[in-house]
Structure formats: C-alpha cells, structure tokens
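Participant: Structure of the sequence below:
(one chain, ligands or ions: 4)
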Amino acid sequence: MAVEIFYDDDADLSIIQGRKVAVIGYGSQGHAHSLSLRDSGVDVRIGLPEGSKSRAKAEEQGLRVLTPAEASAEADLIMILAPDTKQRFIYEQDIAPNLKDGDAIFFGHGFNIRYDLIKPPANVDVAMVAPKGPGHLVRRQFVDGKGVPALIAVEQDASGNAQALALSYAAAIGGARAGVIKTTFKEETETDLFGEQAVLCGGASALVQTGFEVLTEAGYAPEIAYFEVLHELKLIVDLMYEGGIARQRYSISDTAEYGDLTRGPRVISPAVKEEMKKILGEIQDGTFAREWVAEDEAGRPNFTKLEEQGNQHPIEATGKKLRDLMSWVDRPITETA
Ligand SMILES: NC(=O)C1=CN([C@@H]2O[C@H](COP(=O)(O)OP(=O)(O)OC[C@H]3O[C@@H](n4cnc5c(N)ncnc54)[C@H](OP(=O)(O)O)[C@@H]3O)[C@@H](O)[C@H]2O)C=CC1
Ligand SMILES: CC[C@](O)(C(C)=O)C(=O)O
Ligand SMILES: [Mg+2]
Ligand SMILES: [Mg+2]
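Facilitator: Numbers count the residues shown, from 1 in each chain. Ligands and ions are numbered 1, 2, ... in the order given. Here you go, the predicted structure:
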C-alpha cells in the first residue's frame with residue numbers, strides 16, 4: 001500500500017499556533033521540539049520536576065519551565081518527551097489528573113501506547129510526531145533551514161482533527177520540509193526499535209567494533225584501523241544518504257565495489273538475517289519491551305555494565321586522540337542551539 005507523504009504546503013501551521021503546548025522533558029528530542037515550536041510562533045512551556053538538571057538549560061533559552069503537572073494543567077496539547085521507561089509514571093501522576101475534554105496527548109515514539117503502558121481516556125486526541133533522527137540533529141537541521149523527516153500517527157481522534165494537528169506540529173519542528181509520513185503507533189514502534197537495534201545503533205556499532213578488533217588483533221595500527229572502519233564510515237554513508245547505495249558504489253573504486261558485492265553478503269550472512277528476524281520477533285511479541293521495562297525497574301544493572309564496557313573499548317581512546325586533532329569533527333552536543 002502506498003504511503004501518504006505530506007510537505008509544508010499540506011500543513012496548516014496556524015493549527016498548532018492556536019494551541020497551548022506543554023513539552024514534558026528537555027533532553028535530545030524535548031529541546032529540539034520546544035525551541036523549534038517557539039521559533040515557529042507556538043506558545044510553549046516545558047514540564048520538568050523541581051530537581052531536574054535540564055531546568056537550567058531550558059531557562060537559559062528563555063523558555064518557561066513549570067512542573068510536569070503545572071505544565072499539563074495549563075496546556076491543551078501535552079507532548080511527552082521524557083524517557084520511555086518513565087513516561088507511564090509521569091502520565092499517571094502529572095498528566096492524567098490534568099486532562100480536560102479536547103486536550104491532546106502527543107508522543108515522540110509509540111512505545112508506551114503500543115505496549116499498553118499508558119491508556120488515555122476517550123475524550124482526548126492521542127497522536128504521535130516521531131522525527132526519524134536524533135534530537136540534536138532535528139534542531140540543527142531546523143536552524144539550518146532544513147528538516148528531519150518525521151512520522152505522524154493518530155491512535156485516537158476524539159476531536160476529529162487529530163491528523164491535521166499532528167501534521168501542523170510536525171511542520172513546526174521542520175519535519176514537513178523533508179517529508180512527513182502517516183503511519184500507526186504499531187508500525188512506528190516496531191520499525192523504530194528494529195532499526196535502532198539491528199542496523200542503526202546495535203548493528204552499526206558492533207560492525208565497527210568488530211572490524212577494529214580484527215584489524216588491531218592482526219597487528220595493524222589502531223589509528224589506521226580507526227580511520228578505516230569508523231571515520232570513513234561517515235563519508236561512505238554520506239554518499240548513500242545523498243544518492244543511495246548505487247551512488248556510493250559509483251564513487252568508490254571498482255576494486256572496492258567488487259569486494260563490497262562479493263564479501264558484504266559473507267559478513268551479513270544468512271545467519272545474520274535469521275538473527276535479525278528473531279530480534280524483530282522479540283519486538284513484535286513484546287519480549288523486548290518486557291525485558292527493557294524490567295531492566296529499568298531493577299535499576300539498569302545490565303545496561304550500566306554494557307555501557308561501561310562499550311566506553312572502555314579500545315576504539316574509544318584511539319578515536320578521542322585522533323578527533324582532538326580535527327577541530328571540525330568533535331562538535332559538542334548542546335541543548336541550546
Ligand atoms: N533521542 C532521540 O533522538 C529520539 C527519541 N525519541 C523518543 O523521544 C522521547 C524522549 O527521548 P530522549 O529525547 O532521548 O530523552 P532524553 O533522555 O534525552 O531526555 C529526557 C528528558 O526528560 C526529563 N525527565 C526525566 N524524568 C522526568 C520526569 N519525571 N518528568 C519530566 N521530565 C523528566 C529529563 O530531565 P533530567 O535532566 O532531569 O534527566 C530530560 O530532560 C522518547 O519517547 C524517545 O523514544 C524519538 C526519536 C528520536
Ligand atoms: C536511532 C535511535 C532512535 O530511534 C532515533 C534517534 O531515531 C532513538 O530512539 O534515539
Ligand atoms: Mg528512531
Ligand atoms: Mg528510537
């Protein structure tokens with residue numbers, strides 16, 4: 001079935017400009033949405049707990065910061081951009097008691113609705129605006145006059161106008177400059193989890209670390225290994241981003257292309273594809289969601305251990321040393337663009 005893609009000309013910005021928006025959370029996505037909404041003429045306030053370390057960053061940008069409950073009470077559209085594992089508690093404690101007829105609850109990812117962790121009442125719109133990119137780049141691209149594509153979905157259309165509202169919101173953060181695709185909470189959640197686990201984050205990180213290990217264990221210099229499997233990856237992916245895999249193959253040497261065509265399928269072998277299918281199955285049947293919720297409730301022992309192991313991988317020290325010599329590469333991450 002053909003997807004529906006919307007652009008700026010399809011969106012009515014005045015719809016979101018007529019709402020009072022509360023953005024709950026001021027992290028990667030929260031800062032990007034709230035700053036770009038504000039720059040698009042939207043009345044926005046931020047909801048953060050009293051002790052939150054994000055408060056100062058939002059206030060430095062001139063944003064009004066309230067508690068999540070106060071922001072929810074004041075607003076008629078509440079966008080939840082706190083961590084997925086915390087959203088159900090914020091919803092129960094701060095948002096649900098403050099919902100009024102005609103309000104809208106928005107999500108940046110469908111996890112809590114798809115896995116029934118949040119069950120909104122029937123009298124509010126429930127929709128999603130999910131940018132297909134990291135929040136800091138969502139903001140950077142908006143400021144540069146570009147945009148990160150976004151998905152919109154409507155779970156519950158109490159007002160009869162939820163899709164136009166979601167599209168208007170997506171346009172206000174720059175999504176409709178690049179393309180906004182209509183989907184469902186189910187499709188967004190399952191494809192997003194699969195993408196980040198198997199390809200974008202899990203797959204790519206493991207591929208880079210393993211390539212670095214193979215070269216350095218064979219006695220090659222770590223600096224050469226770093227440039228070969230990490231730094232150059234961006235340059236190769238830039239060509240894919242601009243013109244697809246075909247353009248990447250056009251630009252590389254015939255020798256590289258022959259290696260790509262014949263060796264690539266040996267690295268990403270049929271066994272890897274089978275494992276990817278298993279990972280997708282665990283997302284679809286809720287196994288991953290249950291595991292992640294339980295891990296978070298237990299204080300994230302495995303998450304913390306694995307994150308630390310990743311930070312200690314030798315590629316990190318090699319990379320830091322080399323990036324320190326390339327002033328244009330290590331662009332600091334801020335929530336203040
Ligand atoms: N990261 C990304 O680029 C993407 C994220 N998403 C989705 O966006 C949502 C937000 O993720 P992300 O931006 O990564 O989150 P971050 O971890 O970057 O930021 C979370 C924010 O929520 C705040 N917060 C924590 N607890 C509470 C609370 N009880 N009440 C209110 N605010 C709280 C944090 O404040 P503090 O400083 O106090 O910790 C922080 O400002 C998730 O649903 C995620 O799946 C979707 C697409 C991409
Ligand atoms: C790829 C990771 C992501 O899904 C994203 C930036 O889109 C996330 O959850 O952060
Ligand atoms: Mg994503
Ligand atoms: Mg994600």
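Participant: which element is A127 on?
Facilitator: Following DSSP states H and E, one finds A127 within strand 125-131.
Participant: Give me the next element, helix or strand, following that strand.
Facilitator: Scanning forward in sequence from strand 125-131 by DSSP H and E, the next helix or strand is helix 135-143.
Participant: Name the nearest residue to S251, ignoring sequence neighbours.
Facilitator: In space, and not counting its chain neighbours, S251 is closest to L239: 5.4 Å by CB to CB, 6 or more residues apart in numbering. The way it works is simple: take the backbone N, C-alpha and C, and place the C-beta from them, glycine included.
Participant: Touching the one helix or strand the one you found maps to from outside, list them.
Facilitator: For L239, the element it lies in under DSSP H and E is helix 232-251. For helix 232-251, contacts defined as CB atoms under 8 Å, 6 or more residues apart in numbering pick out 204, 208, 252, 257, 260.
Participant: Next to ligand 2, which bits of the stretch 201-337 of the chain? Give me the list.
Facilitator: Residues of the stretch 201-337 of the chain lying near ligand 2 by CB under 6 Å from any ligand atom: C201.
Participant: what about stretch 189-204, near ligand 4?
Facilitator: Yes. Applying CB under 5 Å from the ion, one finds stretch 189-204 in contact with ligand 4 at 192, 196.
Participant: Let's see if you can find the most crowded of the contacts of helix 232-251.
Facilitator: V208 (18 neighbours; other CB atoms under 10 Å).
Participant: Send over stretch 14-23 as PDB, restricted to the C-alpha atoms.
Facilitator: C-alpha atoms of stretch 14-23 as PDB (Å, rounded to 0.1, in the frame of the first residue of the first chain):
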ATOM      1  CA  SER A  14      -2.000  28.100  12.300                       C
ATOM      2  CA  ILE A  15      -3.500  25.000  14.000                       C
ATOM      3  CA  ILE A  16      -0.500  24.400  16.300                       C
ATOM      4  CA  GLN A  17      -0.100  28.200  16.700                       C
ATOM      5  CA  GLY A  18      -3.500  28.200  18.200                       C
ATOM      6  CA  ARG A  19      -2.700  25.700  20.900                       C
ATOM      7  CA  LYS A  20      -1.000  25.800  24.300                       C
ATOM      8  CA  VAL A  21       1.700  23.200  24.100                       C
ATOM      9  CA  ALA A  22       3.500  21.600  27.100                       C
ATOM     10  CA  VAL A  23       6.700  19.700  26.300                       C
END
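Participant: In which helix or strand does the residue in the chain positioned nearest to ligand 4 reside?
Facilitator: Ligand 4 sits closest to D192 of the chain, with a gap of 4.4 Å, by CB to the ion. In this assignment (DSSP H and E), D192 forms part of helix 185-194.
Participant: Tell me what angle the very next helix or strand once past that helix forms with helix 185-194.
Facilitator: The helix or strand immediately downstream of helix 185-194 is helix 202-217, counting by DSSP H and E. Put simply, helix 202-217 runs at 10 degrees to helix 185-194, going by axes from the mean of the first three to the mean of the last three CA atoms, to 10 degrees.
Participant: I'd like to know which elements the helix or strand just after helix 202-217 is packed against.
Facilitator: Moving toward the C-terminus from helix 202-217, the next helix or strand (DSSP H and E) is helix 222-226. Here helix 222-226 touches helix 202-217, helix 314-323, going by 3 or more CB pairs under 8 Å, 6 or more residues apart in numbering; DSSP states H and E.
Participant: Given the strand holding A127, what are its sheet partners and their directions?
Facilitator: Here strand 125-131 has these sheet partners by DSSP bridges: strand 104-107 (parallel), strand 150-156 (antiparallel).
Participant: quick one: is the longest one near ligand 1?
Facilitator: No. Applying CB under 6 Å from any ligand atom, one finds strand 150-156 out of contact with ligand 1, separated by at least 9.1 Å.
Participant: Quick check: mean pLDDT of stretch 45-52?
Facilitator: The pLDDT scores in stretch 45-52 average 98.
Participant: Of all the residues in it, which ones are buried?
Facilitator: 45-48, 52 (16 or more other CB atoms under 10 Å).
Participant: Just send the contacts of helix 232-251 back as TSV, with distance to D125 and pLDDT too.
Facilitator: Output for the contacts of helix 232-251, formatted as TSV (distance: CB to CB, whole Å; pLDDT from 0 to 100):
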residue	distance to D125	pLDDT
A204	36	98
V208	41	98
I252	48	98
E257	50	98
D260	47	98
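Participant: want to try TSV for those, with distance to I173 as columns?
Facilitator: TSV is the format used below for the contacts of helix 232-251 (distance: CB to CB, whole Å):
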residue	distance to I173
A204	25
V208	30
I252	35
E257	38
D260	36
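Participant: that older thread, give me whichever of the strands paired with strand 125-131 is most buried.
Facilitator: strand 104-107 (a mean of 26; mean count of other CB atoms under 10 Å).
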